[in-house]
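> I'd like to go over a predicted model; first the sequence, then the structure.
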Amino acid sequence: MPLPLLIAIDGPAASGKGTLARRLADYFHLAHLDTGLTYRAVAHEMLRRGWPLDDAEHAVDAAGQVDLTALDKHALSAHAVADAASKVAVIPEVRRVLVDKQRAFAAQEGGAVIDGRDIGTVVCPDAEVKLFVTASAEVRAGRRLRDIESRGGHAELDEILDDIRRRDERDMGRADSPLRPATDAHLLDTSEMSIEAAFQAARAIVDDALAKRKQA
Ligand SMILES: Nc1ncnc2c1ncn2[C@@H]1O[C@H](COP(=O)(O)OP(=O)(O)OP(=O)(O)O)[C@@H](O)[C@H]1O
Ligand SMILES: Nc1ccn([C@@H]2O[C@H](COP(=O)(O)O)[C@@H](O)[C@H]2O)c(=O)n1
């Protein structure tokens, strides 16, 4: 029987939060939701239809159509979709529709690991464990480049770095639900950490929370 445990993970693009979320979900037998995919799904639909990314009415309609059980990570992985996602994500009405769906996922029996930009601050402010995963923009750009090259693609490091910085600015600077650590989040800077080291550090934080639960 999975533990009824809610873990919120936030952080900037390519910080490794998704990798960590998947590892934790697997280890603690929890469901996992990558909320970035929900914004990407809205952006993908807007691009497909040729609608301007600041068209709030159509964006809200597209958000209403998002089905959490049918998010196709591969189909939503394009660079242009990620950039467009950060533009539709500034529309408050879009956020409201998606946050409702994300909260319904979080409320499932057995608990969940949810990653994104506003999980610990807005979507699940009562999560038992909150992690804020960071790494320097240079390290993140290097990781993203290796990602692309491992799939046979080609990209320029400078362009990826510019893109990451632009997206960071947009995500941290928007008025509604900006990217920032919750006051009770554990900060995890993975710049100098391997994936395994980051996982072990996060696991120790969750184990600690579970031990405190037993003492209470
Ligand atoms: N600690 C780490 N050390 C080295 N590489 C890592 C580490 N964590 C993640 N990675 C790699 O960095 C890349 C980006 O990681 P991941 O997709 O988990 O980031 P993310 O924060 O979820 O990104 P996004 O916001 O774009 O969804 C992946 O190729 C992943 O394997
Ligand atoms: N909770 C979230 C999750 C994502 N976003 C926006 O979507 C963009 C794409 O997210 P990825 O995690 O897939 O890179 C991201 O840049 C954010 O603008 C969000 O606002 N809130």
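Looks like it arrived, so ask away. In this text, all values refer to a predicted model and were calculated from it rather than measured experimentally. Ligands and ions are numbered 1, 2, ... in the order given.
> which residues are in contact with the lengthiest helix in the chain?
The longest helix of the chain (DSSP state H) is helix 195-215. Residues from elsewhere that reach helix 195-215 (Cβ atoms under 8 Å, 6 or more residues apart in numbering): 3, 5, 7, 16, 19-20, 23-24, 27-28, 128-129, 131, 133, 186, 188, 190, 193. In this view, the C-beta of every residue, glycine as well, is placed from N, C-alpha and C.
> ok, which of these also contact ligand 1?
Restricting the contacts of helix 195-215 to those near ligand 1 by Cβ under 6 Å from any ligand atom leaves 16, 19, 190, 193.
> tell me the pLDDT at the most centrally placed residue in the chain?
Centroid-nearest residue in the chain, with Cα atoms, centre = their mean: residue 116, separated by 2.3 Å. Predicted confidence (pLDDT) for residue 116: 98.
> let me see the contact set for it.
Applying Cβ under 8 Å, 6+ apart to residue 116 gives the contacts 9, 10, 17, 34, 35, 36, 102, 123.
> go again with 10 Å.
8-11, 17-18, 21, 33-39, 89, 98-99, 102, 122-124, 177, 179 (Cβ atoms under 10 Å, 6 or more residues apart in numbering).
> what of residue 166?
13, 83, 86.
> again, only using 8 Å
Shown in contact with residue 166 (Cβ under 8 Å, 6+ apart): residue 83.
> and what about it, helix, strand or coil?
Three-state call for residue 166 (DSSP: H, G, I helix; E, B strand; the rest coil): helix.
> ligand 1 contacts on the protein?
By Cβ under 6 Å from any ligand atom, the residues of the chain that approach ligand 1 are 11, 13-19, 36, 143, 147, 190, 193-195, 198.
> now for the ones next to ligand 1 among the contacts of helix 195-215: which two are most distant?
Greatest spatial distance among these (Cβ to Cβ): 19 and 193, at 11.3 Å.
> the closest residue to residue 87 other than its chain neighbours and ligand 2: what is the separation?
Closest residue to residue 87 apart from its sequence neighbours, by Cβ to Cβ, 6 or more residues apart in numbering: residue 53 at 4.2 Å. Counting by Cβ to the nearest ligand atom, to the nearest Å, the gap from residue 53 to ligand 2 is 11 Å.
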